[in-house]
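Sharing a model that was predicted from the sequence below.
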Amino acid sequence: MALLEVNNLDVRFALRQGEVHALRDICFSLERGERLGIVGESGAGKSVAAFSLLNLIAKPGFIAGGTVNFDGQVLNRMSERGLRKVRGNRISMIFQDPMMTLNPVLSIGEQMVECLKAHRRISSKEARAIALDKLQQVQIPSPETRLDQYPHELSGGMRQRIIIAIALLLDPDIIIADEPTTALDVTIQAEIMALLLELCEQHNVGLILITHDLGVVSQVTQRILVMYAGRVIEQGPTREIINDPQHPYTQGLINALPQMATPGEKLNQIRGSMPSLSNLPSGCAFHPRCDFINRADGQPRPACTQQVPEFVDSGNCRVACHMVAEMLEDRRLKEEIS
Amino acid sequence: MSAHAEAITENPMPTPRQNEESADSLLQIRDLKKRFSLSGDFLDQLRFKGGKLVRHQEHVHAINGVNLDIKRGEALCVVGESGCGKSTVARTVMGLLTPSEGEIRYDGQRIDNLSSRQLLPYRKRMQMIFQNPYASLNPRMTIQQTLEEPLRLHHPDWKRPKILEKVEEVMHSVGIDPDWGKRFGHEFSGGQRQRIAIARALAVDPEFIVADEPISALDVSIQAQVLNLLMEAQQERNLTYLFITHDLAVVEHFGTRVAVMYLGTVCEIATTATLFEKPRHPYTQALLSAIPRLKDDRPQHIRLSGEVPTPVNLPSGCVFHGRCPHANSRCKQEIPLLQTQDDGTRVACHAVEEGRL
């Protein structure tokens, strides 16, 4: 059994206007030491997915169904007390904005020691030694002085390094990183991603990387989930999805990147924008923006507008799309005939 | 004044090489400098030092001697990391900031020392698109009012039917439904708001548009839509762009020429194809290697040591020398000047000049 298994996760937000279905039917698993990317645009539900793994969804949101299995425990049915033993200890989290995640009134050392002492029975001196060691691992210059500095004295890249050091502090099994480099510059982003990758490989730590940047995902992860309007629409090995995306949305997302077009020519845009979760189109949520809702003979495919697509296996990938399902079915029939 | 600024005055920019370009340039920026005071007002600046009252001033050196020519019909992209002064260049060009030193010429006329009344005719010819479409639209105005305002200001003689006609025309050209006119900015998504902001800029039929990170607040699929819109507008209206961005992938697609900035100075200017094919300056090389590409598994990043120094106390010599893998003692003392290479690329680097790179 995989280290982390998410089955049919369903998250809703109870708003005054009615219930909003933020996540539907999320299923995926993560092996020990595996790196998984969750990709999607804002509003696709990727951050909600990450937060719900540790049951960090705040009211009015709640997990309405499904399970998050981690190493034999069901995280979404655990008590707060039990969860506290997992959070930050066995699964740690890196948030987007390094300016907001560190406590401004505590020195770096105090924050790291506090975290260690909350989970382990050790003296402050030992904790400080561990903290120092982790700061060295994230290649921060003059780590001893940093321990006594406050977050405002450090640059954005430096703070994100410290946050990575804190995430690694208790030798977790999994790190969940929610857009860890979005707030940083390109050269700093490249350094931080390289560091994160190196440390995960070195310590055999699993990584769930949430990002909208397909370039970053393709360089760091082994598998990808693509999300759209609260659902996973495609998942599989990173290389295969990047080189040969099956779902029209994934294709559109990759083809819309400037690096995929000839300089000076029009970019291949996806028309329209993501629907709001409170007002989803019927059938496949992507159908109003999709170029493939017609069959090969030009007739519209009724399933696209009426039925939510199920996952079909296409090679090593799983895709939720009627068009792909139809194509695979055709191919299978042809093979049977011949 | 800092040692850095003195060094520049000792090496005055040779002007003749720029004249060949000036003929068809729409906008010329000459030795532009912009400092922001950190020291507060006069009384805050007074300090006791050795029993005497002295005036102590500290400045952020946002731009230090930038020379740029923007030719008619081109899209000049300015790239660099945060704090390199690229937005300050944009704002100074638009007259939103007054330069500390230097000149800005638009169509041959100096515009940096004009009063706002004198600047009004130029404002009609040059418009700006801002980064954050959530902040750049007035929340109390409907879309119709937002689009009418620049027309009323720049064409006081126009009657209402003419204004309405123009607003509708510009809405069509950027793909906005004219029915949106009655609604307010907050009712739209980021991509739609950026369309409205573009429509507002195009309403007065400008010839020159300064776009300060116009797509970085938007989602990937929406970025492509807005970028296509900007390119269409350029073809239809023969616009000239000054395009500020940190995203090199966008530059490769959009720009005619690229200027790379680091810590308030331009370190390399080249045509887009040349820059991406053959980056000369070590900083440009590092910047290009850091773009996350889809196709390569294990990219070879050029890792720069250290971080961008503070623009309050600029490093001596080449501002990049502290992080540069090729720096020598000359780089620490002498400020490199932009030098034209065989293919027209201009690079400010001693290593390139000496053939070490």
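Received it, and whenever you're ready, just let me know what you need. Residues are numbered from 1 along each chain as shown, chains lettered A, B, ... in the order given.

Beyond the strand or helix carrying residue A:111, next helix or strand please.
Per DSSP states H and E, residue A:111 falls inside helix A:108-119. Sequence order places helix A:124-137 as the next helix or strand after helix A:108-119, per DSSP H and E.

Where do the helices of the chain begin and end?
By default, I'm working from chain A. Here chain A has its helices, by DSSP state H, at A:46-53, A:80-86, A:98-101, A:108-119, A:124-137, A:143-147, A:156-168, A:186-203, A:214-220, A:238-243, A:248-255, A:302-306, A:322-337.

Switch to chain B, please.
Under DSSP H, chain B gives helices at B:3-10, B:16-22, B:42-45, B:86-93, B:116-125, B:143-154, B:160-173, B:190-202, B:220-237, B:248-254, B:272-277, B:282-289, B:329-333, B:350-354.

Please produce JSON lines containing those, extended by distance to chain A.
(Glycine included, C-beta is placed from N, CA and C.) Converted to JSON lines, those look like this (distance: least, Cβ to the nearest Cβ, whole Å):
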{"stretch": "helix B:3-10", "distance to chain A": "21"}
{"stretch": "helix B:16-22", "distance to chain A": "22"}
{"stretch": "helix B:42-45", "distance to chain A": "21"}
{"stretch": "helix B:86-93", "distance to chain A": "12"}
{"stretch": "helix B:116-125", "distance to chain A": "25"}
{"stretch": "helix B:143-154", "distance to chain A": "17"}
{"stretch": "helix B:160-173", "distance to chain A": "16"}
{"stretch": "helix B:190-202", "distance to chain A": "6"}
{"stretch": "helix B:220-237", "distance to chain A": "4"}
{"stretch": "helix B:248-254", "distance to chain A": "4"}
{"stretch": "helix B:272-277", "distance to chain A": "7"}
{"stretch": "helix B:282-289", "distance to chain A": "6"}
{"stretch": "helix B:329-333", "distance to chain A": "19"}
{"stretch": "helix B:350-354", "distance to chain A": "19"}
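
and these as TSV, adding mean pLDDT and mean neighbour count?
Shown next, in TSV, are those (pLDDT from 0 to 100; neighbours: other Cβ atoms under 10 Å in any protein chain shown):
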stretch	mean pLDDT	mean neighbour count
helix B:3-10	44	13
helix B:16-22	46	12
helix B:42-45	83	10
helix B:86-93	92	24
helix B:116-125	90	13
helix B:143-154	93	18
helix B:160-173	92	15
helix B:190-202	91	23
helix B:220-237	88	20
helix B:248-254	87	23
helix B:272-277	92	18
helix B:282-289	90	22
helix B:329-333	91	14
helix B:350-354	90	18
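
Find the centremost residue of chain A, please.
For chain A, residue A:210 is the residue whose C-alpha lies nearest the centre (Cα atoms, centre = their mean; 2.9 Å).

hey, what's it bridged with?
Note on residue A:210: beta-bridge partners by DSSP bridges are residue A:38, residue A:178.

which residues touch the helix holding residue A:111?
Applying Cβ atoms under 8 Å, 6 or more residues apart in numbering or on different chains, the external contacts of helix A:108-119 come out as A:85, A:88-89, A:102-103, A:106, A:122, A:124, A:127-128, A:130-131, A:134-135, A:146-151, A:154, A:162, A:165-166, A:169-170.

Pull the contacting residues for residue 252.
The chain I'm using is chain A. A:268, A:270, A:289, B:221.

Can you look at chain B instead?
Going by Cβ under 8 Å, 6+ apart, residue B:252 touches A:258-259, A:263, B:272, B:276.

swap in residue B:136?
Contacts for residue B:136 (Cβ under 8 Å, 6+ apart) come out as B:129-130, B:197.

now swap in residue B:293 and tell me
Residue B:293 neighbours (Cβ under 8 Å, 6+ apart): A:215, A:218-219, A:259, B:299.

before we move on, what about residue A:235?
So residue A:235 contacts A:28, A:223-226, A:241, A:317-318 (Cβ under 8 Å, 6+ apart).

and if you look at residue A:246?
For residue A:246, the contacting residues are A:234, A:314, A:317, A:319, A:321, A:324, by Cβ under 8 Å, 6+ apart.

can you do 6 Å?
Neighbour list for residue A:246: A:314, A:319, A:324 [criterion: Cβ atoms under 6 Å, 6 or more residues apart in numbering or on different chains].

Can you report how many residues neighbour the residue lying closest to it once chain neighbours are set aside?
Spatial nearest neighbour of residue A:246, excluding adjacent residues (Cβ to Cβ, 6 or more residues apart in numbering or on different chains): residue A:319 at 4.4 Å. Residues lying near residue A:319 (other Cβ atoms under 10 Å in any protein chain shown) number 27.

and if you look at residue A:105?
Neighbour count for residue A:105, taken as other Cβ under 10 Å: 8.

Also the one 10 residues further on?
Other residues within reach of residue A:115 by the criterion other Cβ under 10 Å amount to 19.

near chain B, which residues of the stretch 101-250 of chain A show up?
Counting by Cβ under 6 Å from any Cβ of the partner chain, the stretch 101-250 of chain A comes close to chain B at A:155, A:185-187, A:190, A:215-216, A:218-219, A:242.

Report the contact partners of the residue in the stretch 151-300 of chain A that chain B sits nearest to.
Nearest residue of the stretch 151-300 of chain A to chain B: residue A:215, at 2.9 Å (Cβ to the nearest Cβ). Residue A:215 makes contact with B:292-294, according to Cβ under 6 Å, 6+ apart.

how about a cut-off of 10 Å?
The contact partners of residue A:215, by Cβ atoms under 10 Å, 6 or more residues apart in numbering or on different chains, come to A:189, A:193, A:242, A:257, A:259, B:249, B:291-296, B:299.

Next up, phi/psi of residue B:348, please.
Reported as degrees, to the nearest 10, the phi and psi values for residue B:348 are phi -110, psi 90.
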